[in-house]
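Chemist: Sequence and predicted structure are below.
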Amino acid sequence: MAYITVDDFKSYLGIPDNEHRDEVELQKAIDQAVAIIDSFTGRTFEAVTATRYYDAVRDVYGRVLLLDRELAELTSVVNDGVTLSESDYVTLPPNKEGRDGPIWAIKLLASSGKRWTWTTDPEQAIEVTGKWGYSTTPPKSIVFATYKLADFLYRGRDTVGNARAASNRGAFPTLADWFPDEVALILERFKRTQVMGI
């Protein structure tokens, strides 16, 4: 998974399309940049379609199913073998046009009749299918951060001259202390916080 292609990166660096030197190194820099971005933010910015399974003992709190991954787009919900209608639940945050950020929970509505509670089966009887990740495509600022960080890694720039000094952040510097400033600012904005309850 990559947020930019080698051809995109070559264009960004001003390398002609017909010049194939260093393409392996360019791809390595992209892959490293994406891995750092995902690791630092705790997110994936390019969704993967899949079905994930949940159980009532570990994942349900009242009428709320907490998802263990961010969900960019919900396709279907199956509760103990019954496919739920969209009128049976709401997503958190609500699934509205222009929604900022991914779905992190699904709440059954009391108005859904007999299906107003999740199954009590602890054997992963709840199925959620959709596109898993922060977004279906990377946000523009994440793409920009990928270019900047891949460039930083590819060129092997001096981290002292081009990134924040670790001493500015205290005795225990984090990985962000070594990023270029504009990358660190973007990634800190996207850093995921763990949901501890409803």
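Modeler: Nice, thanks for sending it over. Residues are numbered from 1 along each chain as shown.
Chemist: List the contacts of the longest helix along the chain.
Modeler: Secondary structure of the chain per DSSP state H: the longest helix is helix 23-41. With contact meaning CB atoms under 8 Å, 6 or more residues apart in numbering, helix 23-41 is reached by 1-6, 9-10, 13, 44-45, 142, 145-146, 149-151, 153-154, 175-176, 187, 190-192. Placement of C-beta: from N, CA and C, glycine included.
Chemist: Can you point out the buried residues in that helix?
Modeler: By 16 or more other CB atoms under 10 Å, the buried positions in helix 23-41 come out as 26-27, 29-30, 33-34, 36-38, 40-41.
Chemist: TSV please, covering the residues you listed and showing distance to residue 181 and pLDDT.
Modeler: Formatted as TSV, the buried residues of helix 23-41 follow (distance: CB to CB, whole Å; pLDDT from 0 to 100):
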residue	distance to residue 181	pLDDT
26	23	93
27	25	93
29	19	93
30	21	94
33	16	94
34	20	94
36	15	92
37	15	93
38	20	92
40	14	90
41	17	91
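Chemist: What is the nearest of those residues to residue 133?
Modeler: Distance to residue 133, by CB to CB, is smallest for residue 38 among the buried residues of helix 23-41, at 9.8 Å.
Chemist: From residue 87, how far off is the closest one?
Modeler: Distance of residue 38 to residue 87, given as CB to CB, to the nearest Å: 35 Å.
Chemist: In the chain, what residue spans correspond to strands?
Modeler: For the chain, the strands defined by DSSP state E occupy 48-54, 60-61, 64-79, 82-83, 89-92, 103-108, 126-132.
Chemist: can you list the weak-confidence ranges in this protein?
Modeler: Along the chain, the parts satisfying pLDDT under 70 run over 1, 95-100, 112-116, 124, 157-177, 194-198.
Chemist: From the recorded domain assignment, give the ranges for the chain.
Modeler: The chain breaks down into these domains under automatic domain parsing: 6-45+138-190, 48-132.
Chemist: Now do the last one: distance from first to last residue.
Modeler: It stands for domain 48-132. Its start and end residues considered, domain 48-132 measures 5 Å (CA to CA, to the nearest Å).
Chemist: doesn't residue 107 make contact with residue 118?
Modeler: No. The pair formed by residue 118 and residue 107 falls short of the contact definition of CB atoms under 8 Å, at 10.1 Å.
Chemist: of those two, who's got more company?
Modeler: Remark: of residue 118 and residue 107, residue 118 carries more neighbours, 23 against 16, as counted by other CB atoms under 10 Å.
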